[in-house]
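Visitor: Next come a sequence and a model predicted from it.
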Amino acid sequence: MARFPVRRRESPVDALAVVLALVLIGLLGGIVFVFREAGQQLFSGAYRQRISASEAEARERADALRGVYDDYRAQLTDLQDRRTELEAMLSEIRANERASQRERDLVLEQIRRSGEQLDARVESLREQELATLQAGSATPQLAAVAGEDSPELFVRRADILGELYDRLARVEFSIVSLTNPILLPGESFRVPTDLAPELLRWDNWREVGETAFALGEYFNQHRIHLDQTTARAVEACIATVRSTLTQDIYPSLSEQPDADQERRIRESLAALTIIPRLRRYLEAQYRTFTGIAEPGEEDSPPPTPPGAATSNA
């Protein structure tokens with residue numbers, strides 16, 4: 001007779017132990033899962049915060065660098081504009097300097113040519129005077145010219161004396177308006193106490209050179225109508241003005257002159273006082289020649305340039 005295995009009957013305690021073991025295993029697995037998820041969330045959140053902070057800091061630095069770059073570009077643009085402006089100003093200054101130099105050279109050349117013409121004219125007149133003296137003064141033509149029966153010559157000479165006086169007055173006033181602008185027309189030139197800035201600029205002497213050239217040109221054309229003493233006095237004055245301007249004043253002009261330049265300018269201006277002295281002489285000559293001099297009025301002596309007496313001696 002076959003035997004069948006007899007199943008052991010499980011007790012409730014064993015079943016409960018199995019159930020408890022399964023529950024415990026599930027709880028442990030859940031706890032492990034929960035801690036793992038929490039850890040991952042914890043670590044991943046801190047990492048994202050650090051990344052976010054780094055990105056924010058990088059953006060701030062980029063914004064700061066962008067601001068510095070924009071400021072640099074703006075300053076560079078301003079500097080480039082300023083450089084362009086300065087280059088334009090420098091080009092204009094150089095152009096003005098070249099123009100002033102050309103005008104100065106032109107005036108000097110005109111004065112030089114006028115001096116050469118005067119010298120040639122003086123030499124020619126001296127030769128004519130010498131020839132006249134050698135030939136004698138009894139020639140009928142010379143007698144007619146020298147006599148009182150030539151009203152045309154009388155009027156002509158009076159007009160020339162008046163025109164010379166007028167042109168000499170223009171030269172003096174151009175100097176007075178530059179050296180002593182407070183003086184009015186008609187007041188004689190005198191050396192100023194202080195050298196004004198306008199006195200030291202070349203452009204402001206242009207009118208003086210032009211009026212002096214006009215005086216020399218007129219005298220060169222009409223010297224033959226003057227007596228020898230008056231002609232030589234005017235010639236000496238023109239030569240003094242020319243040499244004073246070209247040799248002393250023009251080379252000493254400067255925006256910031258030193259003591260030696262100021263001394264030379266003052267000495268040169270003192271030499272120009274020959275102009276008002278020649279005016280007084282021409283005035284006396286005109287009054288005497290036209291007969292409007294008052295009784296007892298004496299003729300002024302012809303002026304001589306500074307140092308003329310010493311050189312003649």
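Guide: The structure has been received and is ready for your questions. Residues are numbered from 1 along each chain as shown.

Visitor: so where is the stretch 101-250 of the chain shaky, pLDDT-wise?
Guide: Along the stretch 101-250 of the chain, the parts satisfying pLDDT under 70 run over 107, 110-111, 114-115, 117-119, 121-150, 186.

Visitor: 50 instead?
Guide: 133, 136-149 (pLDDT under 50).

Visitor: Name the helix or strand for residue 69, please.
Guide: Element membership of residue 69 [criterion: DSSP states H and E] is helix 12-135.

Visitor: same thing with residue 215?
Guide: Per DSSP H and E, residue 215 falls inside helix 206-222.

Visitor: ditto for residue 240
Guide: Residue 240 is part of helix 228-243 when elements are defined by DSSP H and E.

Visitor: Next secondary structure after that helix?
Guide: Taking DSSP H and E, what comes next after helix 228-243 is helix 250-252.

Visitor: how about residue 269, what does it touch?
Guide: By Cβ atoms under 8 Å, 6 or more residues apart in numbering, the contact list for residue 269 reads 179, 191-192, 249. Glycine gets a C-beta too; all of them are placed from N, C-alpha and C.

Visitor: again, only this time at 10 Å
Guide: 175, 179, 189-192, 195, 199, 244, 248-249 (Cβ atoms under 10 Å, 6 or more residues apart in numbering).

Visitor: Among these, name the ones in helices.
Guide: Cross-referencing these against helices under DSSP state H gives 175, 179.

Visitor: and the contacts of residue 269, which are buried?
Guide: Neighbour counting with 16 or more other Cβ atoms under 10 Å marks 175, 179, 189, 191-192, 195, 199, 244, 248-249 as buried within these.

Visitor: Which of these sits closest to residue 264?
Guide: Nearest to residue 264 among the buried ones among the contacts of residue 269: residue 248, at 5.7 Å, using Cβ to Cβ.

Visitor: shouldn't the closest one be in contact with residue 268?
Guide: Yes - look at residue 248 against residue 268 with Cβ atoms under 10 Å: they come within range, at 3.8 Å.

Visitor: Now stretch 170-182: buried residues?
Guide: Neighbour-count burial for stretch 170-182, counted by 16+ other Cβ under 10 Å, picks out 170-180.

Visitor: and which of the residues you listed is nearest to residue 280?
Guide: Using Cβ to Cβ, residue 172 comes nearest to residue 280 of the buried residues of stretch 170-182, at 11.2 Å.

Visitor: And residue 258, its phi and psi?
Guide: Phi and psi for residue 258, reported as degrees, to the nearest 10, are phi -90, psi -180.

Visitor: And for the one 3 residues further on?
Guide: Summarising the backbone geometry of residue 261 under the convention degrees, to the nearest 10, its torsions are phi -70, psi -40.

Visitor: what's the burial count for the residue lying closest to it once chain neighbours are set aside?
Guide: Distance criterion Cβ to Cβ, 6 or more residues apart in numbering; nearest residue to residue 261, sequence neighbours excluded, is residue 252 at 4.4 Å. By the measure other Cβ atoms under 10 Å, the count of residues near residue 252 is 19.

Visitor: Quick one, grab the pLDDT at residue 252.
Guide: Looking at residue 252, its pLDDT reads 79.

Visitor: Isn't it up against residue 205?
Guide: No - between residue 252 and residue 205 there is no contact under Cβ under 10 Å: 11.1 Å.

Visitor: any idea which element residue 254 lies in?
Guide: Using DSSP H and E, residue 254 sits in no helix or strand.

Visitor: which residues sit in contact with it?
Guide: Taking Cβ under 10 Å, 6+ apart, we find residue 254 in contact with 200-202, 261-262, 265.
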